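Participant: For reference, the sequence and a predicted model appear below.
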Amino acid sequence: MSNSILIRGGRIIDPSQGMDATGDLLIRDGVVAALKAGGGLPAPAGTPVVDARGLIVTPGFVDLHAHLRQPGFEEKENIATGTRAAARGGFTTLCCMPNTEPAIDSRATIEFILATAKSAGLVRVWPIAAVTVGRQGKQLTEMAELAAAGAVAFSDDGSPVADARLMRSALAYCTRLGLPISDHCEDPVLARGVMHEGGVSSRLGLPGSPAAAEDVMVARDIMLAEVTGGRVHIAHLSTAGAVDLVRQAKAKRLPVTAEAAPHHLTLTDEWVAGGQHLTGHAGSVVHAGCGPAYDTNCKVNPPLRSKEHVEAVIEGLREGVIDAIATDHAPHTVTDKLCEFENAAYGITGLETALGSVLSLVHQSRISLPALVDRLTWGPAKIIDHAKIGIGTLRPGAPGDVAVFDPDAEWQVDAQAFASKGKNTPLHGERLRGAIVVTVFAGTLVHDARSKGKRS
Amino acid sequence: MTIARSPERGKAAAVAPWQEFHRRHVLDLDDFSSEEIEQVLTTAGAMSEVLGRRIRKVPTLRGRTIVTLFLEPSTRTRASFEQAGKVLSADVINLSGSESSVKKGESLVDTAKTLEALGADVLVMRHPMSGAPNLVARATGLRVVNAGDGWHAHPTQALLDLFTIRQRLGRVDRLTVLIVGDILHSRVARSNIWGLTKLGARVVLCGPPTLMPSQALAAFAAAGQRLSIEPDLEHAIPQADVIMTLRLQKERMDSGFLPSMREYAALYQINDQRLARAKPAALVMHPGPMNAGVEISHEVAHGPRSLVETQVTNGVAVRMAILYLLAATGEDA
């Protein structure tokens, strides 16, 4: 069996080295062996060849924000199914969030996750540990030990670190570790609603959470980053105000980074009302009858925002104010979602639709393809690859993580066909343009959508 | 059957009204056409005639089963639906939150599917959460009538309000209806905004800024120019042909929306002093239950301009119309 793969003739986009050229890529012994613009790279005899002509070749995607649900909520997802979904979506590195049961607040849980990922996972899993014990918002976790065990960041995701004094302490404490705190920014008192507060929530009679609930917490965190010098990473940023705040923080060279989720870049609050249209397509549609109004698959935290916010987040992504696209993959069971909107769980399953969703921004000329690839690869890698093992890049010697995709392939989303246990997507039945063809993780083909006949 | 006839012509209509009603559910009025609303109001007129008879019973829905599932307290709406079903000879089964297995942790969808399996034809449901009837309508084969869901909708209340206004003033078109109070939490206000504007009325919303929905005009953009907001009741009153005042719940004080009942009453109570500045023929409505002395004075609630009791009586006719239009098969007609 060959220990090499040659990816031939694709358009190689690697923002880490400013590369955008047609060429060949050779992976050998699990790492990038050679990269050659123009092609003609020699390969050892018998090397399997991926014919990438007409396709895009990039570093494997890096997801700063996924919920793998293990341990504790294996009925929603586990590391095996979640990493299989990742491979299908072109992701080769997943940072998993600590809102598990028990929460990721001990060395034992981190070791369990790393061991399970190694034995059952298809891609790299890097745990994000809790900021506070049990995510209770009271006592700091043993951050140094957790970092030594493999935690790459800290977060109480699902909840913000509501206590400003504790957040300040956590940021200050983290300065010696150099790790970021990824904060779920929502003032818990202002954000008591179940969707974005605005015209749609008013029409549907659902309690709304104002955009200001996110803005005030982002502002607080930025100020605390300034005071402490600790690194703040704004998780799933979703408002125009937060984009402005992060833009200002970056202008002041504060240690602040941000991510946005595909759904906050492409879907609006009208989707909750069943006015389903991808941003940039048809205008607002008033819901009719029982239709898909109150679609619990659109219930997510922070909520899907109105068009002005979505536009601002897209602009932030284009400018680079937002460093990364992170899925906030949040799988749930049917029961978690087949209920009253107010009772439904928050979250959208996102790994397998992420690329097709965000490519719509390229198709609408809202962002260039290389910039989008940057936000999926090198942008997040810079935030999280503390050990500089070389994720998110195709520089020779880096891990052989590659995504090969067809930016124009149209496909219809079928949630039942997901590798993820979570079928909770508002995109079920939608047509997306852009699909992963091959994913290589550490030199191994972990996903191959080419027909059997063509498979090498 | 008498009610299959057009009351004006007094002879058998070629097509029974239910045959022309193509709706499976009544969840809100936002997706009703003005023609559909007219159809309900016309049918309610015929039902009103049945209610005026000495023996108030017709066999129209014999053999049909109507289940009322109320997961929130209610007196008038629930009794009104039950009465409507019984006058039409339907079998009516009443379930409430404390009796149903919802209390044992069964999901709403499973409860509704159980009722469907037991042979219910129509489910009349009230639920504290917006959109719950939409869920049941989507997840089961039941015909669903929304008897009030969260802050979202109360379509039969709006229909009976339309029926009452037309009965008293002869039309809805071009009237100005002032809705006063806690619009934010009011399903009655939401459904009335749709119903009234679809029939050509102008709707003015008035209430404390804390109890006004976010971006209310954008929310009901489909209602167009017919909807406006007037924060000052003193300015709003003289324009109104109908003043609809809403129940103010005590919880609003605890959650910081308002300083006190006293201040609310001082600014927004409909009383004789304020009515003196209204049009001479202006009428007052309230969906009930009333807090007399808060949003409405005792004198006005029981005075000559009050339509409160008429609303209750008309509620039965309108709900008969809805049940008939959804559940009739013609087998007993």
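Facilitator: Arrived safely, thanks for sending. Numbering: from 1, shown residues only, chains lettered A, B, ... in the order given.
Participant: so what's residue 301 up against?
Facilitator: I went with chain A, as the question did not name one. By CB atoms under 8 Å, 6 or more residues apart in numbering or on different chains, residue A:301 lies in contact with A:158, A:184, A:186, A:346, A:347. Quick note: C-beta positions are derived from backbone N, CA and C, even for glycine.
Participant: try chain B instead
Facilitator: B:284, B:286, B:290, B:292, B:308.
Participant: gap between it and residue B:157?
Facilitator: Applying CB to CB, to the nearest Å, the value for residue B:301 to residue B:157 is 17 Å.
Participant: So which bits of the longest helix along chain A are buried?
Facilitator: Using DSSP state H, we find that the single longest helix of chain A is helix A:211-228. For helix A:211-228, the neighbour count (16 or more other CB atoms under 10 Å in any protein chain shown) marks A:211, A:213-226, A:228 as buried.
Participant: between those, which is nearest chain B?
Facilitator: Closest to chain B out of these is residue A:211 (10.6 Å), distances taken as CB to the nearest CB.
Participant: what about residue B:75, how many neighbours?
Facilitator: 10 (other CB atoms under 10 Å in any protein chain shown).
Participant: just residue B:289 next, same as before
Facilitator: 11.
Participant: Spit out the contact partners of it.
Facilitator: Taking CB under 8 Å, 6+ apart, one finds B:75, B:76, B:247 in contact with residue B:289.
Participant: Hmm, the last one is touching residue B:290, no?
Facilitator: The reference is to residue B:247. Yes. Proximity of residue B:247 to residue B:290 meets the contact threshold set by CB atoms under 8 Å, at 6.8 Å.
Participant: helices or strands next to the host helix or strand of residue A:127 in the packing?
Facilitator: According to DSSP states H and E, residue A:127 maps onto strand A:124-129. Contacts defined by 3 or more CB pairs under 8 Å, 6 or more residues apart in numbering or on different chains; DSSP states H and E place strand A:124-129 against strand A:91-96, helix A:107-120, helix A:143-149, strand A:153-154.
Participant: So which other helices or strands are in contact with the first one?
Facilitator: On a contact count with 3+ CB pairs under 8 Å, 6+ apart, strand A:91-96 meets strand A:61-66, helix A:79-89, strand A:124-129, helix A:378-384, strand A:402-412, strand A:431-441.
Participant: Pick the most deeply packed of those.
Facilitator: Of all the helices and strands packed on strand A:91-96, strand A:61-66 has the most neighbours on average by mean count of other CB atoms under 10 Å in any protein chain shown, namely a mean of 30.
Participant: Run the angle between that one and strand A:124-129 for me.
Facilitator: Put simply, strand A:61-66 runs at 30 degrees to strand A:124-129, going by axes from the mean of the first three to the mean of the last three CA atoms, to 10 degrees.
Participant: Count residues in the vicinity of whichever residue of the stretch 1-150 of chain A sits closest to chain B, would you?
Facilitator: Ranked by CB to the nearest CB, the top residue of the stretch 1-150 of chain A for proximity to chain B is residue A:75, at 15.6 Å. Neighbours of residue A:75 under the rule other CB under 10 Å: 13.
Participant: likewise residue B:235?
Facilitator: 12.
Participant: per-residue pLDDT, it?
Facilitator: Residue B:235 carries a pLDDT score of 96 in this model.
Participant: Looks to me like it is in a helix.
Facilitator: Yes. Counting by DSSP: H, G, I helix; E, B strand; the rest coil, residue B:235 is found in a helix.
Participant: thinking residue A:170 is in contact with residue A:182, fair?
Facilitator: No. Under the contact definition of CB under 8 Å, residue A:170 does not touch residue A:182, with a separation of 11.2 Å.
Participant: Which one's more surrounded, these two?
Facilitator: Taking neighbours as other CB under 10 Å, residue A:170 and residue A:182 compare with residue A:182 leading, 30 against 23.
Participant: Quick one: classify that one as helix, strand or coil.
Facilitator: Per three-state DSSP, residue A:182 ends up strand.
Participant: what are the bridge partners for it, then?
Facilitator: residue A:233 (DSSP bridges).
Participant: what ranges do the helices span in the stretch 201-333 of chain B?
Facilitator: Ranges of helices in the stretch 201-333 of chain B, per DSSP state H, counting those that start in this stretch, are B:216-219, B:233-236, B:251-254, B:261-268, B:272-275, B:298-301, B:308-327.
Participant: for chain A, same thing?
Facilitator: Secondary structure of chain A (DSSP H): helices located at A:79-89, A:107-120, A:143-149, A:164-174, A:199-204, A:211-228, A:240-251, A:262-266, A:307-319, A:334-337, A:354-363, A:369-376, A:378-384.
Participant: give me the low-pLDDT residue ranges for chain B?
Facilitator: B:1-13, B:99-101, B:103, B:331-333 (pLDDT under 70).
Participant: For the residue most central in space within it, list the residues it contacts.
Facilitator: Residue closest to the average C-alpha location in chain B (CA atoms, centre = their mean): residue B:157, at 0.9 Å. Each residue near residue B:157 by CB under 8 Å, 6+ apart is listed here: B:77, B:148, B:187, B:188, B:191, B:192, B:287, B:315.
Participant: I figured residue A:155 was touching residue A:179, is that so?
Facilitator: No. Counting by CB under 8 Å, residue A:155 sits too far from residue A:179 to count as a contact (10.4 Å).
Participant: ok, those two, which is more surrounded?
Facilitator: residue A:155 (28 against 23).
Participant: List the single closest residue to the more buried one in space, sequence neighbours excluded.
Facilitator: Nearest residue to residue A:155 in three dimensions, chain neighbours excluded: residue A:182, at 4.0 Å (CB to CB, 6 or more residues apart in numbering or on different chains).
Participant: where does the one you found sit relative to residue B:131, distance-wise?
Facilitator: 32 Å.
Participant: Show me what the mean pLDDT comes to for the strand holding residue A:127.
Facilitator: According to the model, strand A:124-129 has a mean pLDDT of 98.
Participant: Now that strand - C-alpha only, CSV.
Facilitator: The C-alpha atoms that make up strand A:124-129 are tabulated as CSV, following Å, rounded to 0.1, in the frame of the first residue of the first chain:
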residue,chain,number,x,y,z
ARG,A,124,-7.9,15.9,14.5
VAL,A,125,-9.8,16.9,17.6
TRP,A,126,-8.5,19.6,19.9
PRO,A,127,-10.5,20.1,23.1
ILE,A,128,-11.5,23.5,24.3
ALA,A,129,-11.7,23.3,28.1
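Participant: Just checking: what are the partner strands of it?
Facilitator: Here strand A:124-129 has these sheet partners by DSSP bridges: strand A:91-96 (parallel), strand A:153-154 (parallel).
Participant: Residue B:93: which of those strands is closest?
Facilitator: strand A:91-96 (48.8 Å; CB to CB).
Participant: Outside of that closest one itself, list whatever touches it.
Facilitator: A:59-68, A:79, A:82-83, A:86, A:104, A:113, A:123-128, A:152-153, A:327, A:351, A:354, A:381, A:384, A:391-392, A:399, A:401-403, A:439-442, A:446.
Participant: still on that earlier bit, could you list which residues are in contact with the residue nearest to residue A:155?
Facilitator: A:64, A:65, A:128, A:153, A:154, A:155, A:157, A:233, A:234, A:235, A:259.
Participant: One more: residue A:222?
Facilitator: Per CB under 8 Å, 6+ apart, neighbours of residue A:222: A:232, A:245, A:246, A:248, A:249, A:254, A:256.
Participant: Among the residues you listed, which ones lie close to chain B?
Facilitator: The subset of these within reach of chain B, by CB under 8 Å from any CB of the partner chain, is empty.
Participant: of the residues you listed, closest to chain B?
Facilitator: Closest to chain B, out of all of these and judged by CB to the nearest CB, is residue A:245, at 21.7 Å.
Participant: Next, the contact list for the nearest residue in space to that closest one that is not next to it in sequence, please.
Facilitator: Closest residue in space to residue A:245, ignoring its immediate chain neighbours: residue A:218 at 5.0 Å, by CB to CB, 6+ apart. By CB under 8 Å, 6+ apart, the residues touching residue A:218 are A:185, A:234, A:237, A:239, A:241, A:242, A:245, A:246.
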